[in-house]
Every structure is written in structure tokens, then in C-alpha cells.
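J.: For reference, the sequence and a predicted model appear below.
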Amino acid sequence: MAGDEKLILVAHAGAPVGLKGEIRLTVFAEEPERLLGYRELVTGDSRALRVTGMRRSGKSAVARFAGVGDRGAAEGLRGADLFVARSRLADDLDEDEFYQADLIGLEAVDGEGRPVGTIVSISNYGAGDLLEVMPPDDSGETESFLVVFDRTNVPRIDLAGGVVVVNRPAETGKESE
């Protein structure tokens, strides 16, 4: 994997399962089985791991990795974030599907095309995704703001143009006041 290639967070390693090196994963994909198709996953400290088996277990998955053959080795992966090279991910997404990493860094503009900031992160605290937008340096604003990531608040995304149209929270509620 090239050192300058963008890495995408695809899973988080949890507790070992059993004695044979399996580990519970929280997978950040609709289809956890896709992890089997990637040649390798990379940990935050640059260890390369090859998934050799996986099964669903409730809301998570249980995986086996080449070279991880016992509980002690699996314990060494506990807490690791697992990444895949962006080039390994499918590009045949539906019109309203996006990889979060592709949105980070895009310019956020209002409905008139005026810059309102840059998307710096995407979070989900259980009620849906939120875009965190950092206002431009010359705006005088020093704190980021959150936008609910839905069609009402984010009506248009132009990945090729590097722009996301957002309705700021103050803009969506003012009309009813």
C-alpha cells in the first residue's frame, strides 16, 4: 500500500472471542462481509492484517486474521482502528451514498454559493450523522457548527466540484420564528 494513499476507517477491533484468535469488530459498512474482499487492512500503527474469516454476531462481526492464532494475539489488536486504502473501496455507490472520508475537506457553501466553511468531521451520536463545519478564517467565527446530514440540511453534494451545499442551523429555524 502506498504511503501517501488515503486510508479509510472501516472497522474497530474490540474484545477477543474464544481462544483461537478471533476478535469482535465494529464494522462501519452496511455489508461487513466486504472486509473479506480487501487484500489487507491496516492498523493505526501500520500493521497489515489479512482477514481470513468472518461471521456476523448480533450488531457486530467476529473476524479471524492471518497470523493471529490465539487469544493473546487477538488481545494485542483490542482497541485498534482498522483502515483500508481508498482505492480498494467500490465506487459504484448509489446517488445518495458517500464515503465519509470523501466529504471531509470539502467546501461548504450556502444555497447562494457563498462559502460558510469546510467540512472537518462527521459524527453520529445515535440519532444520525452530523457534519461538523469550520467557518472560513476570514469570517470572524472561531467555533465550528453542526449540520444534520439529511436532504433538508444538505440538499446538494458535488464531489467532483468539491462543494457541499448546507443550510446552517440558524437558517433552517428562522422562518418559523
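T.: Yep, it's here.
J.: Pick out the residue nearest the middle of the chain.
T.: Gln100 (4.6 Å; CA atoms, centre = their mean).
J.: Touching, it and Asn124? I think so.
T.: No - assessed by CB atoms under 8 Å, Gln100 is found out of contact with Asn124, at 9.5 Å. (C-beta placed from N, C-alpha, C; glycine too.)
J.: quick one: contacts for the residue nearest to the centre of the chain?
T.: 122, 129 (CB atoms under 8 Å, 6 or more residues apart in numbering).
J.: and with 7 Å instead?
T.: With CB atoms under 7 Å, 6 or more residues apart in numbering as the criterion, the residues that contact Gln100 are Ile122.
J.: any idea how far the closest residue to Ile23 other than its chain neighbours lies from Arg50?
T.: Leaving aside its chain neighbours, Ile23 sits nearest to Ala74 (4.5 Å; criterion: CB to CB, 6 or more residues apart in numbering). Separation of Ala74 from Arg50 (CB to CB, to the nearest Å): 15 Å.
J.: ok so, going back, then the residue nearest to Ile23 would be within a helix, right?
T.: Yes - assessed with DSSP: H, G, I helix; E, B strand; the rest coil, Ala74 lies in a helix.
J.: contacting residues for it?
T.: 16, 21-23, 68 are the contacts of Ala74 under CB under 7 Å, 6+ apart.
J.: I'd like those residues laid out as TSV, including neighbour count and secondary structure.
T.: As requested, these are arranged in TSV below (neighbours: other CB atoms under 10 Å; DSSP: H, G, I helix; E, B strand; the rest coil):
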residue	neighbour count	secondary structure
Pro16	22	strand
Gly21	22	coil
Glu22	20	strand
Ile23	25	strand
Val68	22	coil
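J.: what's the most distant pair in those residues?
T.: Pro16 and Val68 (9.2 Å; CB to CB).
J.: domain assignment for this protein?
T.: Listed domain ranges for the chain are 7-87, 100-172 (source: automatic domain parsing).
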